[in-house]
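> Generate a structure from the sequence data that follows.
(chains A and B)
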There are 2 protein chains.
Amino acid sequence: MSTTTKKWYVGVDLGGTTIKMAFITSYGEIVSKWEIPTNTEDGGIHITMDIAKSIDHKLNELNQEKEHLAAIGMGAPGFIEMETGFIYQAVNIGWKDFPLKDRLEVETGLPVTVDNDANIAALGEMWRGAGDGAKNLLCVTLGTGVGGGIIANGQILHGASGMAGEIGHITSVTKGGAPCNCGKTGCLETIASATGIARLATEAVAVSNEPSLLKEQFDTLGSLTSKDVFEALAKGDHLAERVLDETASYLGVAIANLSNALNPEKIVIGGGVSKAGDALLEPLRTYFNQYALERVASSAEFKIATLGNDAGVIGGAWLAKQKLNQTHY
Amino acid sequence: MSTTTKKWYVGVDLGGTTIKMAFITSYGEIVSKWEIPTNTEDGGIHITMDIAKSIDHKLNELNQEKEHLAAIGMGAPGFIEMETGFIYQAVNIGWKDFPLKDRLEVETGLPVTVDNDANIAALGEMWRGAGDGAKNLLCVTLGTGVGGGIIANGQILHGASGMAGEIGHITSVTKGGAPCNCGKTGCLETIASATGIARLATEAVAVSNEPSLLKEQFDTLGSLTSKDVFEALAKGDHLAERVLDETASYLGVAIANLSNALNPEKIVIGGGVSKAGDALLEPLRTYFNQYALERVASSAEFKIATLGNDAGVIGGAWLAKQKLNQTHY
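So this is what the prediction gives:
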């Protein structure tokens, strides 16, 4: 048994509001997990130092030395060059041309591997979650944004410039769609992210005259979240139903079209919005079946991600482990 | 040098109207190529015998023995199980639950490998054509139907049940689209295939009152083909321009959406419709750039397939060669 087998990997999952971190064994078991807030001030310049300090703090707390850590695997939102760990752009964080891998290696003294946050979530679900065993897997993460991770022939796809899996920027509305962070309009992200669902709900209450829990909520609070939509839906609110139906229809078309091209065995839906469970999955499956080829639909199993918020850190650890093994051999 | 290196491979590319065949060296050079009509009578039952006889006839003509042939690699339209070479359905041919590999092996006495016609075209273009060297390649074949072949991380994708690459059945029109052979409506194939373009042109002349070459052609002949559209376009016909713009817009959205997920280095457009060249490629690129992420668009190079009608037989030979090498090792 090599010495690294006994060491821990650090999984880091950077989101727009929090940074999730964990120490993870080489078998994918979480030893300790925690999170810190994402400091997006000054263009996100403090984030790598925050992570380094937090790792040291946690080691102290657990009475462990730095030598117990083998490597860091980190997921970040945005457009990343895998080889160099360079972030071209991460709009939710504020990074532009940010050398994430280099900075984090300098500040932690550990080897760092970086991938897209949605890719590490897909890898986590494949390693220890809902995707168990699937060599052709589509993972769609519905969070603040919409991310995707594609595993085909057993490998995560990166594409020609690390952009593969950018499912959130599939154009769902070709004309007159809402503006997206990426600069385009009508992206799936503007409809199926938590933010997108809140936007659709706010638009729906503005034009609807029918009595609705969602409308009451809006009149009281002055704004709506995707959580409000799912809570109103659980109480049978028709307006919330229509909002979710709209989301499910666009998401269903997008996933069906991708599936006609990729023919996945498992489609794993993760991220905060996936907590809605069957309320989302049932209409989604109906629309998917309508737009996917029959043989594509019958081969594909929808699953809610089972690792929840841990998918990213576990996938990060998997990435770090794979990279270290490649380097050793 | 193994004895098979000197042998020829037989590439067979089955289409709705003709069967293209070629004897090909292990370096991908065509020794002899020819075609026979596709006999779709009696549910396509005569096709494998026609191929076997035609191979023997050609060997005679070239004064060669059967021993000079190593294996057959064949592309067929429809839904195929790669492992067994079983065709679930090939609507243009008339096959349903047809054991293609088994039948052709019995009738020719040669080992047969079968794949989707669009996949072998993609493999051909990768081996000897426009896709040279690209490990991430999207090949879109615009013929009687619309096929696709996806190469990611250097491998052709088959998916969970051999359905990967069915780009023609991406839903382009979600509501009120034209019926497709596959049983759905609004598929890309109903818009961007030769048949689809002819359909759009026929619809356009029916509702247009403006003077148009295309309309004159229709009034004379009673019907239109995609070739008529491209000929009228070359003469500056506005109606033909609008028809092609519609095709290019839907094709551009579909390819951009796929590219946001796959991030290909090369996008190779093949099939009969691709003979239109820049008349198709220019509006297509414009729509693609509009809907693809900037970094995805800047990484992707559009190319017209260079092997033309030979892509399928060359890709078939590549497939046969790969399979034989796998079996030998």
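> Flag every buried residue along whatever helix or strand residue A:215 lives in.
When secondary structure is defined using DSSP states H and E, the element that contains residue A:215 is helix A:213-221. Using 16 or more other CB atoms under 10 Å in any protein chain shown as the test for burial, helix A:213-221 gives A:213, A:214, A:215, A:217, A:218. For the C-beta atoms, the positions are set from N, CA and C on the backbone; glycine is no exception.
> swap in stretch A:315-329?
Taking 16+ other CB under 10 Å as the criterion, stretch A:315-329 shows A:315, A:316, A:317, A:318, A:319, A:320, A:321, A:323, A:324 as buried.
> and the fifth one, that's in a strand?
This means residue A:319. No - looking at residue A:319 with DSSP: H, G, I helix; E, B strand; the rest coil, it is helix, so not inside a strand.
> all strands of chain A, in order?
Listed in chain order, the strands found in chain A under DSSP state E are A:8-14, A:18-24, A:30-37, A:69-76, A:79-81, A:86-90, A:95-98, A:112-116, A:137-142, A:146-152, A:155-156, A:266-270, A:301-304.
> which among the buried residues of stretch A:315-329 gets closest to residue B:105?
Proximity of the buried residues of stretch A:315-329 to residue B:105 (CB to CB) peaks at residue A:318, which lies at 42.3 Å.
> Just list the residues touching the closest one, thanks.
A:28, A:73, A:120, A:123, A:124, A:127 (CB atoms under 8 Å, 6 or more residues apart in numbering or on different chains).
> Let me know which of the strands of chain A is tucked in deepest.
The densest packing among the strands of chain A, expressed as mean neighbour count by mean count of other CB atoms under 10 Å in any protein chain shown, is seen in strand A:137-142 with a mean of 30.
> how big is the angle separating that strand from strand A:146-152?
Between the axis of strand A:137-142 and that of strand A:146-152 there is an angle of 170 degrees, by axes from the mean of the first three to the mean of the last three CA atoms, to 10 degrees.
> Partner strands of strand A:137-142, with direction?
Each strand pairing with strand A:137-142, determined using DSSP bridges, is listed with its direction: strand A:146-152 (antiparallel), strand A:266-270 (parallel).
> Could you export those strands as TSV, including distance to residue B:305?
Output for these, formatted as TSV (distance: least, CB to CB, whole Å):
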stretch	distance to residue B:305
strand A:146-152	23
strand A:266-270	32
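> Show me what from the stretch 51-200 of chain A comes close to chain B.
Taking CB under 8 Å from any CB of the partner chain as the criterion, the neighbours of chain B within the stretch 51-200 of chain A are A:79, A:88, A:134, A:136, A:148, A:150, A:152-153, A:155, A:157-167, A:169-171, A:174, A:182-184.
> filter those residues to the buried ones?
Neighbour-count burial within these applies to A:79, A:88, A:134, A:136, A:148, A:150, A:152-153, A:157-167, A:169-171, A:174, A:182, A:184; the criterion is 16+ other CB under 10 Å.
> Of those residues, which belong to helices?
Using DSSP state H to define helices, no part of these is located there.
> rewinding a little: relative to residue B:37, which of the contacts of residue A:318 is nearest.
For residue B:37, the closest of the contacts of residue A:318 turns out to be residue A:123, at 50.1 Å, with distances computed as CB to CB.
> Would you mind stating the distance between that closest one and residue A:315?
Taking CB to CB, to the nearest Å as the measure, residue A:123 falls 4 Å from residue A:315.
> ranking the strands of chain A by mean pLDDT, which is last?
Least confident of these, judged by mean pLDDT, is strand A:79-81 with a mean of 82.
> Mind listing the strands that strand pairs with, and their directions?
Using DSSP bridges, strand A:79-81 pairs in its sheet with strand A:86-90 (antiparallel).
> can you give me phi and psi for the residue of the stretch 201-329 of chain A found nearest chain B?
Among the residues of the stretch 201-329 of chain A, residue A:263 lies nearest to chain B; the distance is 2.3 Å by CB to the nearest CB. Here is the backbone geometry of residue A:263 (degrees, to the nearest 10): phi 50, psi 60.
> if you skip the residues just before and after it, what's nearest to it?
The shortest distance from residue A:263 to any non-neighbouring residue, by CB to CB, 6 or more residues apart in numbering or on different chains, is to residue B:159 (2.3 Å).
> is it true that that neighbour touches residue A:262?
Yes - with contact defined as CB atoms under 8 Å, residue B:159 and residue A:262 form a contacting pair (5.8 Å).
> Find the residues that touch each one of the two.
In terms of CB under 8 Å, 6+ apart, residue B:159 and residue A:262 are both contacted by the residues A:136, A:152.
> List the contacts of residue A:36.
A:18, A:19, A:21, A:50, A:51, A:54.
> Please parse chain A into its domains.
Structural domains assigned to chain A are A:3-123+A:309-328, A:132-306, following automatic domain parsing.
> and residue A:61, how many neighbours?
Counted by other CB atoms under 10 Å in any protein chain shown, the residues lying close to residue A:61 total 10.
> what's in contact with stretch A:125-134?
Contacts of stretch A:125-134 from elsewhere in the structure, counted by CB under 8 Å, 6+ apart, are A:28, A:122, A:137, A:139, A:151, A:264-266, A:268, A:270, A:303-307, A:311, A:314-315, A:318, B:160.
> again, only this time at 7 Å
Under the contact criterion CB atoms under 7 Å, 6 or more residues apart in numbering or on different chains, stretch A:125-134 has outside partners A:28, A:137, A:139, A:151, A:265-266, A:268, A:270, A:303-307, A:311, A:314-315, A:318.
> Columns distance to residue B:291 on top of the strands of chain A, output as JSON lines?
Written out in JSON lines, the entries for the strands of chain A read as follows (distance: least, CB to CB, whole Å):
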{"stretch": "strand A:8-14", "distance to residue B:291": "28"}
{"stretch": "strand A:18-24", "distance to residue B:291": "32"}
{"stretch": "strand A:30-37", "distance to residue B:291": "35"}
{"stretch": "strand A:69-76", "distance to residue B:291": "25"}
{"stretch": "strand A:79-81", "distance to residue B:291": "17"}
{"stretch": "strand A:86-90", "distance to residue B:291": "19"}
{"stretch": "strand A:95-98", "distance to residue B:291": "23"}
{"stretch": "strand A:112-116", "distance to residue B:291": "20"}
{"stretch": "strand A:137-142", "distance to residue B:291": "19"}
{"stretch": "strand A:146-152", "distance to residue B:291": "16"}
{"stretch": "strand A:155-156", "distance to residue B:291": "24"}
{"stretch": "strand A:266-270", "distance to residue B:291": "23"}
{"stretch": "strand A:301-304", "distance to residue B:291": "26"}
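> out of these, which comes closest to residue A:199?
Evaluated with CB to CB, the strands of chain A place strand A:146-152 nearest to residue A:199, the distance being 12.9 Å.
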